[in-house]
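Asks: The following block contains a protein sequence and its predicted model.
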Amino acid sequence: MVSQIYGVFFTFLAIAASALPENPSTAKAAASNSSSQINSNSVLVALLDSHYTELSELVEKALLLQTLEEAVSKHNISIFAPRNEALERDLDPEFKRFLLEPGNLKSLQNLILFHMIPSRIESKHWPAGVQKKQVHHASLCRDAGDEKIRLHEKNGERIVGMARVIKPDDIIRPDGIIHGIERLLVPKSVQQEFNARRSLRATSAVIPEGAPEVDPRTNRLKKPAPPVAAGAPPVLPIYNALAPGPSLAPAPAPGPGGPHHHFDGESQVKDFIQTLLHYGGYNEMADILVNLTSLATEMGRLVSEGYVLTVLAPNDEAMAKLTTDQLSEPGAPEQIMYYHIIPEYQTEESMYNSVRRFGKVKYDTLRLPHQVVAEEADGSVKFGHGEGSAYLFDPDIYTDGRISVQGIDGVLLPPEESKAPKSAPAAKIVSKPRRGKLLEVACSVLGAVGQDSHFSTCH
């Protein structure tokens, strides 16, 4: 009897549970999923397949597809699409680089959403006629604040903000409309973020600190001097900052500056070596800098201390002509590379202008006291003399303001030091024994009387 009562009770609970309504949150999610589905006739699909390719690419890069799908499912939207030239050629390259940086994704999203209005505005709805009142509409950009999109008419042309509408009602769909405009609409919030980032990069790149002073008598550093301009050149010449030769110290010596380096020389040297490898034809040069010598580390340290360098990089064909004897001596690879490094920042244009103006120009190298001579030849820059000369073959392979790499088609070798001519051995002159003064007088007297023939000493 008790079992029958429990059976009836559980049956009643099952029926009551089945009669309860489903979870409202689950129902809402299902409804939202069904409503957010976009059909093929949507204005969003039309935008992605339209001739506004630059804007559609930015929409995909900004990860706004899901956001726009939800907006289209809730509103009938109007899109003001800039022409491709406005985003490709007319846009400031620095501003475009700012938008495409991964850390500025929010700015890119706000920029795109500022071109969209959650209401349908056709060309016939434009404020015109006798009144010509300006109409302001809020955009889909939530961070725009009180900034709205202004619609008005001027000289018979429809204007959106500061942009002229060049293709009104270009694409019409049931859930929205697309108008083609002449230029990009930039909200104030994005412009302020760009200005703040640009000014911050310009002012906080280098922290000014005291520059060292050198005692000319001892060539040693004095007490720290008052602060100087940020990024000022080092006080010591670059030759004082070079590490001793491999016979003295195989590891680079510490530089003259303090522990706070203004520049990341290691990263810059790594970038220019990678550029050599990707450029092609300079693998031997990169191998010598990284593997056969410690020049890459030393160059990075010099750049970190504030020095600038110009590297004349021979290509692989030129490096293949080096003999084993030229590379086998201790320190020979370093000395050859030192002769190809100029402690100045020179580009192809600056060197060509110099040789055009002055004829021959001598550049100091890190291999003291040798200099490399440059002159104009066949519309290019020629380094060296005679058979050991090389032409500027691949100009400006890498230029970043601190390191300049110029490709040449030969290996430069310093002219041999002029050897002093050997003095010829002095000829041995056999002098006859000189006779005494008294003997000469006696022989002359005997000769006067004709008796000198009897004396052999007088002959």
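Replies: Perfect, thanks for sending it.

Asks: can you give me the helices for the stretch 351-459 of the chain?
Replies: 437-449 (DSSP state H, counting those that start in this stretch).

Asks: From the centroid of the protein, which residue is nearest?
Replies: Against the mean C-alpha coordinate of the chain, by C-alpha atoms, centre = their mean, the closest residue is Asp400 at 4.6 Å.

Asks: any idea which element the nearest residue to it once chain neighbours are set aside lies in?
Replies: Setting aside the residues directly before and after it, Asp400 is nearest to Gln268 in space (C-beta to C-beta, 6 or more residues apart in numbering), at 6.0 Å. C-betas here are computed from N, CA, C, even on glycine. With elements delineated by DSSP states H and E, Gln268 resides in helix 265-279, which encompasses its position.

Asks: Name the next helix or strand following that helix along the chain.
Replies: For helix 265-279, the following helix or strand on the C-terminal side (DSSP H and E) is helix 283-287.

Asks: Residues contacting that next one, please?
Replies: Helix 283-287 is touched from outside by 273, 276-277, 313-316, 319-320, with contacts defined as C-beta atoms under 8 Å, 6 or more residues apart in numbering.

Asks: Work out the gap between it and the centre of the chain.
Replies: Helix 283-287 sits 20 Å away from the centroid of its parent chain (C-alpha atoms, centre = their mean, to the nearest Å).

Asks: And what about Leu87, helix, strand or coil?
Replies: The three-state assignment at Leu87 reads helix, by DSSP: H, G, I helix; E, B strand; the rest coil.

Asks: How about the contacts made by it?
Replies: For Leu87, the residues meeting the contact criterion (C-beta under 8 Å, 6+ apart) are 54-55, 58, 96, 184.

Asks: from the contacts of helix 283-287, which single one is nearest Gly306?
Replies: Proximity of these to Gly306 was ranked by C-beta to C-beta; the top entry is Ile273 with 20.4 Å.

Asks: Once you drop chain neighbours, what's closest to that closest one?
Replies: Taking C-beta to C-beta, 6+ apart, and ignoring the residues beside it in sequence, Ile273 has Ala286 as its nearest neighbour in space, at 5.1 Å.

Asks: quick revisit: give the buried residues for the helix holding Gln268.
Replies: Residues 265-266, 268-269, 272-273, 275-276, 279 are the ones in helix 265-279 that count as buried (16 or more other C-beta atoms under 10 Å).

Asks: ok, the nearest residue to Tyr345 once chain neighbours are set aside - how many residues close by?
Replies: Sequence neighbours aside, Val308 is the residue nearest to Tyr345 in space, at 4.0 Å (criterion: C-beta to C-beta, 6+ apart). The number of residues packed around Val308, counting by other C-beta atoms under 10 Å, is 18.

Asks: How about Pro174?
Replies: Pro174 has 11 neighbours, counted by other C-beta under 10 Å.

Asks: so is the nearest residue to it once chain neighbours are set aside in a helix, a strand, or just coil?
Replies: With sequence-adjacent residues excluded and distances taken as C-beta to C-beta, 6+ apart, Pro174 is closest to Asn41, at 6.4 Å. The three-state assignment at Asn41 reads coil, by three-state DSSP.

Asks: I'd like the distance between Asn41 and Gly176.
Replies: Counting by C-beta to C-beta, to the nearest Å, the gap between Asn41 and Gly176 amounts to 11 Å.

Asks: Could you do Asp49 as well?
Replies: 14 Å.

Asks: repeat for Ile117
Replies: In this structure, Ile117 lies at 10 Å from Gly176, with C-beta to C-beta as the measure.

Asks: Common neighbours of the two, please.
Replies: Listed as contacting both Ile117 and Gly176 by C-beta under 8 Å, 6+ apart are 77-78.

Asks: Settle it for me: which of these two has more neighbours?
Replies: Counting neighbours by other C-beta under 10 Å for Ile117 and for Gly176 shows that Gly176 has the greater number, 26 against 23.

Asks: Not counting its neighbours along the chain, what's nearest that one?
Replies: According to C-beta to C-beta, 6+ apart, the nearest residue to Gly176 is Val43 (3.1 Å).

Asks: any idea of the mean pLDDT in stretch 215-226?
Replies: For stretch 215-226, mean pLDDT is 68.

Asks: what's the one helix or strand Leu312 maps to in contact with?
Replies: Secondary-structure assignment from DSSP H and E places Leu312 in strand 309-314. Residues outside strand 309-314 that contact it (C-beta under 8 Å, 6+ apart) are 272, 276, 282, 284-285, 299, 302-303, 340-346, 363, 372, 383, 390, 397, 402-412.

Asks: In strands only, show me the residues you listed.
Replies: Applying DSSP state E to the contacts of strand 309-314, the entries found in strands are 341-342, 363, 372, 383, 390, 397, 403-408.

Asks: remind me which residues of this structure are low pLDDT?
Replies: Applying pLDDT under 70 to the chain flags the ranges 1-38, 128-132, 199-212, 223-231, 235-236, 239-241, 243-262, 417-439, 441, 449-459.

Asks: Cool, thanks, talk later.
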